[in-house]
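Undergrad: here is my input, please return the structure:
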Amino acid sequence: MTTHLLLLIQGEWFKLRRRWLPWILLAVAVLVSQAFLWGFYTVYHITGGEGTNTFIPNYQYTGAATSIEITCSDLLDGRLKERVQPLSKDERLIVQGEILEWGPEVCSDYSSEIEKLFLFVLPVSILGSLILMFMTGLIYILVIILSASVLGSEYGWGTLRTVLTKGMGRWQVLSAKLVLCVLIAAGWLVVIAMVNIVSSIIAGIIPPDEGVSFILLPEGDTWGSVLSSLAKFLGKAVYATIPYICLGIFFVVLTQSTAQGISLSIVAYIAEAMVVPPLLAISEKLKGISEGLLSSNVSEWMSLGQSEAEVILKGAEQPDTTQAFFVIFAYSVAMVAVSLWIFQRRDVSGARGD
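TA: You can find the predicted model right below:
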């Protein structure tokens with residue numbers, strides 16, 4: 001049975017590799033990732049190495065005898081007591097109280113040196129633009145389009161009926177397409193990471209010189225720990241794409257149409273990820289529902305969006321990745337089960353032309 005499924009996956013790959021869409025989607029992913037990389041490279045040099053920190057205002061206080069200025073770097077590096085020393089005791093209390101409000105509000109966007117270079121200096125740049133693509137949700141939209149087109153094209157051309165008449169099991173056909181989409185998504189991530197390596201090397205040797213080696217290991221890290229982190233991220237990233245692959249397959253099975261499947265999948269993704277959470281945030285009573293959303297748990301699973309400054313200033317909680325893992329698993333299994341149930345019972349017609 002396993003051998004037969006592997007042969008089906010191989011056959012699906014032979015068919016898919018001749019189509020333009022997977023390669024176009026890969027090109028879009030690579031181009032966007034490179035736009036992030038070179039965009040940060042440009043901003044870093046235009047701002048003289050300050051990056052986004054250029055736009056963060058410093059805290060200023062004018063006392064009776066002297067004035068002081070406190071930066072986010074002072075606050076995060078523990079130099080606050082040293083900076084307020086010239087003030088009187090009462091003024092120090094005032095400043096420290098104001099800093100408690102100013103710091104978390106303003107300095108959460110502060111980037112450390114390694115964070116400013118993370119998108120174009122090795123080794124952290126290998127995944128820098130990938131992280132941004134997951135944060136923006138672009139990668140999910142691309143895999144939705146991929147999975148919907150892989151199955152939807154069979155409905156449109158009428159070839160699915162021909163395949164099924166040859167005696168292939170419906171669950172095997174659907175499983176082969178799902179596994180192939182997961183493998184292709186994993187291949188996309190690897191290709192993007194490899195292109196990032198090449199671009200980072202180029203960024204490190206062309207002018208202007210950013211004043212650092214094009215290889216900069218985070219403090220306390222070794223190449224072994226870095227490679228382990230990269231492998232862990234890629235594994236988590238592939239797992240995070242699975243429910244969205246299942247989503248694309250589900251709506252195509254439901255509608256038997258590529259266009260409708262892609263449209264409904266993207267609308268469902270946007271609604272669930274961008275529209276529903278703000279509505280649920282209106283009431284504390286709906287917080288439990290928000291925690292059960294697929295998008296919330298995918299973000300939790302990927303542990304995205306927390307800068308070093310946010311963790312220090314706000315004491316950001318560690319994400320509950322165990323719960324996120326099972327919620328993602330439950331969504332994926334539910335969508336595959338319903339898709340298979342519909343696929344098994346519905347008659348497959350001839351070519352639909354879409």
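
Undergrad: against residue 301, how distant is residue 280?
TA: 19 Å (C-beta to C-beta, to the nearest Å). Using the backbone N, CA and C atoms, a C-beta is placed for each residue, glycine as well.

Undergrad: same deal with residue 138?
TA: Distance from residue 138 to residue 301, by C-beta to C-beta: 17 Å.

Undergrad: the more surrounded of these two?
TA: Counted by other C-beta atoms under 10 Å, residue 138 and residue 301 do not tie: residue 301 has more neighbours, with 21 against 15.

Undergrad: so who does that one touch?
TA: If you count contacts by C-beta atoms under 8 Å, 6 or more residues apart in numbering, residue 301 has them with 236, 239-240, 319, 321, 324-325, 328.

Undergrad: just the buried subset of those residues, please.
TA: Buried subset of the contacts of residue 301 (neighbour count, 16 or more other C-beta atoms under 10 Å): 236, 239-240, 319, 324, 328.

Undergrad: which one of those residues is nearest to residue 193?
TA: Nearest to residue 193, judged by C-beta to C-beta, of the buried ones among the contacts of residue 301 is residue 236 at 13.7 Å.

Undergrad: domains of the chain?
TA: Segmentation of the chain into domains, based on automatic domain parsing, reads 2-50+119-345, 57-109.

Undergrad: can you tell me which of those has the worst average pLDDT?
TA: Of all the domains of the chain, the minimum mean pLDDT falls on domain 57-109 (a mean of 74).

Undergrad: which residues in this protein form strands?
TA: 59-62, 67-70 (DSSP state E).

Undergrad: would you mind giving these as JSON lines with mean neighbour count and distance to residue 6 added?
TA: Putting the strands of the chain into JSON lines (neighbours: other C-beta atoms under 10 Å; distance: least, C-beta to C-beta, whole Å) gives the following:
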{"stretch": "strand 59-62", "mean neighbour count": "14", "distance to residue 6": "62"}
{"stretch": "strand 67-70", "mean neighbour count": "15", "distance to residue 6": "62"}
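
Undergrad: closest to residue 295 out of those strands?
TA: Closest approach to residue 295 among those is made by strand 59-62 (35.3 Å; C-beta to C-beta).

Undergrad: so which elements touch the closest one?
TA: Judged by 3 or more C-beta pairs under 8 Å, 6 or more residues apart in numbering; DSSP states H and E, the packing partners of strand 59-62 are strand 67-70, helix 89-106.

Undergrad: so which of these comes closest to residue 17?
TA: Among the helices and strands packed on strand 59-62, the nearest to residue 17 by C-beta to C-beta is helix 89-106 (50.3 Å).

Undergrad: roughly how far out does the closest one sit from the chain middle?
TA: In terms of C-alpha atoms, centre = their mean, to the nearest Å, the centre of helix 89-106 is found 35 Å from the chain centre.

Undergrad: all set, thanks.
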